[in-house]
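Colleague: Following is a predicted model, sequence given first.
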Amino acid sequence: MKWGLLGGTFDPVHFGHLRVAEEIRELLGLDSILFLPAFQQPHKTAGQTTSFEHREKMLRLAIAGNKYFAFSGIEKLREGKSYSVETVEYILNKYQPDLSLYFITGQDAFQTITTWKEWQKLLALCNFAVLTRPGYENKGFQDILPPDFAGNYIYEQEADGYRGTAGKVICFRSVTLLDISSSAIREKVRKGKSINYLTPEDVRHYIARNGLYRE
């Protein structure tokens, strides 16, 4: 089984998240995409994010009907700050150790990978699917990872990615990155502007019913 892990605040979830998940699932032949809303992201303080309960309900509404999409509340179970390495370890221990996981992240986020908690261990635990824009020319990751660590990776044509000594792959895939952001949606709601066609209708109605993102 091959699972993709897509984390984030999802405050709120929007079509950009959903389109990326659909495209990377097809590109990598994944059996499922797990949406993992953070309980509290490491770089945010408590209170900056809408409650987990609201974000969970919006996410469940957004992915309903797609048999390949699934919700996971793993990061709420641990509470506190959500660290990727702990989430991946939890999933591998809870299910089967030989489960093939693809951690899905954007190019900008991957460029800061060395600032993540236990990043070397994380790269040894799971594969990475790095999302890039169409036309982006990947120059490898020699400028992202320390030279001695990057030297452990060799390009493998069959996987169309770089395989490390731990057997995990880092692959770069071009996807449609829609110019939609959760922060822009929140700002539009705050100003009383329309958010039609930025997020699923059920999510839009949920935001309105619950008065989310109002001043």
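Modeller: Okay, I see it. Residues are numbered from 1 along each chain as shown.
Colleague: make it CA atoms for all contacts and neighbour counts henceforth
Modeller: Fine.
Colleague: which stretches of this structure aren't confidently modelled?
Modeller: Applying pLDDT under 70 to the chain picks out residues 41-47, 78-80, 97, 135-140.
Colleague: longest helix of it?
Modeller: Using DSSP state H, we find that the single longest helix of the chain is helix 15-28.
Colleague: Which elements pack onto that one?
Modeller: When contacts are defined as 3 or more CA pairs under 8 Å, 6 or more residues apart in numbering; DSSP states H and E, helix 15-28 packs onto strand 32-37.
Colleague: what are the pairing partners of the strand it packs on, and which direction each?
Modeller: Note on strand 32-37: by DSSP bridges, its sheet partners are strand 2-8 (parallel), strand 69-71 (parallel).
Colleague: Just the terminal-to-terminal distance for stretch 168-184.
Modeller: End-to-end span of stretch 168-184 (CA to CA, to the nearest Å): 35 Å.
Colleague: Show me which residues of it are buried.
Modeller: Buried residues in stretch 168-184, counted by 16 or more other CA atoms under 10 Å: K168, V169, I170, C171, F172, R173, S174, V175, L177, S181, S182.
Colleague: pretty sure the first one is touching K121, no?
Modeller: Right, K168. No. Checked against CA atoms under 8 Å, the pair K168 and K121 is beyond contact range at 11.2 Å.
Colleague: can you give me how far stretch 125-133 is from the chain middle?
Modeller: Computed by CA atoms, centre = their mean, to the nearest Å, the chain-centroid distance of stretch 125-133 equals 10 Å.
Colleague: and if you look at stretch 208-215?
Modeller: Relative to its parent chain, stretch 208-215 has a centroid offset of 25 Å by CA atoms, centre = their mean.
Colleague: Give me the nearest residue to Y68, chain neighbours excluded.
Modeller: Computed as CA to CA, 6 or more residues apart in numbering, the closest residue to Y68 that is not its neighbour in sequence is S32, at 4.7 Å.
Colleague: residues touching that neighbour, list them.
Modeller: Going by CA atoms under 8 Å, 6 or more residues apart in numbering, S32 touches K2, W3, G4, R25, Y68, F69, A70.
Colleague: Let me see the ranges of the strands in this structure.
Modeller: Here the chain has its strands, by DSSP state E, at 2-8, 32-37, 69-71, 100-106, 127-132, 154-156, 161-163, 169-174.
Colleague: Tell me which strands the fourth one pairs with, and in which orientation.
Modeller: Taking DSSP bridges as the criterion, strand 100-106 forms sheet pairs with strand 2-8 (parallel), strand 127-132 (parallel).
Colleague: List the buried residues in the longest one.
Modeller: Neighbour-count burial for strand 2-8, counted by 16+ other CA under 10 Å, picks out K2, W3, G4, L5, L6, G7, G8.
Colleague: Got the phi and psi for the residue nearest to F52 when sequence neighbours are not counted?
Modeller: Nearest residue to F52, sequence neighbours excluded (CA to CA, 6+ apart): F39, at 6.2 Å. Note on F39: its backbone torsions stand at phi -70, psi -50 [degrees, to the nearest 10].
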